[in-house]
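> Can you look at this prediction? I've put the sequence above it.
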Amino acid sequence: MGPLKWALLGVLLSASLFAIDSVELRRNQPTERISGSAGDVLEDDPVGRLKVFVYELPSKYNKKILQKDPRCLNHMFAAEIFMHRFLLSSPVRTLNPEEADWFYTPVYTTCDLTPNGLPLPFKSPRMMRSAIQLISANWPYWNRTEGADHSL
């Protein structure tokens, strides 16, 4: 066995011993009991408190991009599409932006794909700037926080 293999074996053995020692340390740590019951946690209803406003943007930012390339629905970047669809029918959605805690901007930046299925990186920043300009010119909510409470 060469020196490189011995060194690798030594590193693996050391890591294994360290992991075993840390498990033993955790076992011997006293645990702290929290008063209350699991029902207390279950009664806490974040859906009742969180409110998300979904901007209704022109279809060039979302639907038309998806129509142009339906591969987006099965692509690794499809999360923005499914997040948009989820929020449209979610109980956290509010139609009143004044009561919103969070603002969702449905811009499918990663859905504009090359023939190889990769996102076109040079178009995304332009599309986002365009959407931000539209939002900040037509609604006051972006300007209040400079977009800090917005998801892009």
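Yep, that arrived.

> Count the residues that sit near the nearest residue to Cys111 once chain neighbours are set aside.
If the residues on either side of it in the chain are set aside, Cys111 comes closest to Cys72, at 4.0 Å by Cβ to Cβ, 6 or more residues apart in numbering. Any C-beta I mention is one placed from the backbone N, CA and C, and that applies to glycine too. Neighbour count for Cys72, taken as other Cβ atoms under 10 Å: 22.

> Run through the neighbouring helices and strands of whichever strand or helix holds Ile65.
Applying DSSP states H and E as the criterion places Ile65 in helix 63-68. Of the remaining helices and strands, none touches helix 63-68 by 3 or more Cβ pairs under 8 Å, 6 or more residues apart in numbering; DSSP states H and E.

> which of the residues in that helix are buried?
Of all the residues in helix 63-68, those buried under the rule 16 or more other Cβ atoms under 10 Å are 65-66.

> same thing with stretch 106-117?
If you call a residue buried by 16+ other Cβ under 10 Å, then stretch 106-117 has these buried ones: 106-113.

> mind putting these in JSON lines, secondary structure included?
Shown next, in JSON lines, are those (DSSP: H, G, I helix; E, B strand; the rest coil):
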{"residue": "Pro106", "secondary structure": "coil"}
{"residue": "Val107", "secondary structure": "coil"}
{"residue": "Tyr108", "secondary structure": "coil"}
{"residue": "Thr109", "secondary structure": "helix"}
{"residue": "Thr110", "secondary structure": "helix"}
{"residue": "Cys111", "secondary structure": "helix"}
{"residue": "Asp112", "secondary structure": "coil"}
{"residue": "Leu113", "secondary structure": "strand"}
